[in-house]
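Peer 1: just the structure for this:
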Amino acid sequence: MTAAEVMEQARRLSREEQLQLAHDLWVEADGPYDDPAEVDAAWASEVAQRLEGVVDGTTRGVPDSAVRQRFGL
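Peer 2: Coordinates of the predicted model:
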């Protein structure tokens with residue numbers, strides 16, 4: 001089966017199924033994370049950096065309504 005054939009079939013899936021397929025393909029291509037603690041630590045660092053940006057004013061938030069509109073939610 002070619003990539004074009006897979007894409008054609010994927011277009012027939014529901015949005016939820018497409019998102020799950022995209023996630024599964026990403027994990028398959030990138031490989032699973034071996035150490036959940038390492039992933040948790042990386043997310044904690046990212047959240048801390050983002051929060052610091054909001055608190056010190058170097059990062060501006062986006063209204064929830066704008067995010068929902070952008071992603072069709």
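Peer 1: now the helix or strand Ala42 falls within: mean pLDDT?
Peer 2: Element membership for Ala42, per DSSP states H and E: helix 36-56. Averaging pLDDT along helix 36-56 yields 93.
Peer 1: what's downstream of it, the next helix or strand?
Peer 2: Moving toward the C-terminus from helix 36-56, the next helix or strand (DSSP H and E) is helix 64-70.
Peer 1: give me the helices and strands touching that next one, please.
Peer 2: The contact analysis (3 or more C-beta pairs under 8 Å, 6 or more residues apart in numbering; DSSP states H and E) places helix 64-70 against no helix or strand. Placement of C-beta: from N, CA and C, glycine included.
Peer 1: Glu16 versus the residue nearest in space to the middle of the chain, what's the distance?
Peer 2: With distances taken as C-alpha atoms, centre = their mean, the residue of the chain nearest its centroid is His23 (8.1 Å). Computed as C-beta to C-beta, to the nearest Å, the His23 to Glu16 distance reads 11 Å.
Peer 1: so Ala22 is in which element?
Peer 2: Per DSSP H and E: Ala22 is located in helix 15-30.
Peer 1: roughly how far is that helix from the heart of the chain?
Peer 2: Distance of helix 15-30 from its chain centroid, counting by C-alpha atoms, centre = their mean, to the nearest Å, is 10 Å.
Peer 1: return it as PDB; C-alpha atoms alone will do.
Peer 2: Extracted in PDB, the C-alpha atoms of helix 15-30 (Å, rounded to 0.1, in the frame of the first residue of the first chain):
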ATOM      1  CA  ARG A  15     -11.400  13.700  13.200                       C
ATOM      2  CA  GLU A  16     -10.800  11.800  16.500                       C
ATOM      3  CA  GLU A  17      -9.600   8.700  14.600                       C
ATOM      4  CA  GLN A  18      -7.300  10.900  12.400                       C
ATOM      5  CA  LEU A  19      -5.800  12.500  15.500                       C
ATOM      6  CA  GLN A  20      -5.300   9.100  17.200                       C
ATOM      7  CA  LEU A  21      -3.700   7.700  13.900                       C
ATOM      8  CA  ALA A  22      -1.400  10.800  13.800                       C
ATOM      9  CA  HIS A  23      -0.300  10.200  17.400                       C
ATOM     10  CA  ASP A  24       0.300   6.500  16.800                       C
ATOM     11  CA  LEU A  25       2.300   7.200  13.700                       C
ATOM     12  CA  TRP A  26       4.400   9.800  15.500                       C
ATOM     13  CA  VAL A  27       5.100   7.400  18.400                       C
ATOM     14  CA  GLU A  28       5.900   4.600  16.000                       C
ATOM     15  CA  ALA A  29       8.400   6.800  14.100                       C
ATOM     16  CA  ASP A  30       9.900   8.500  17.100                       C
END
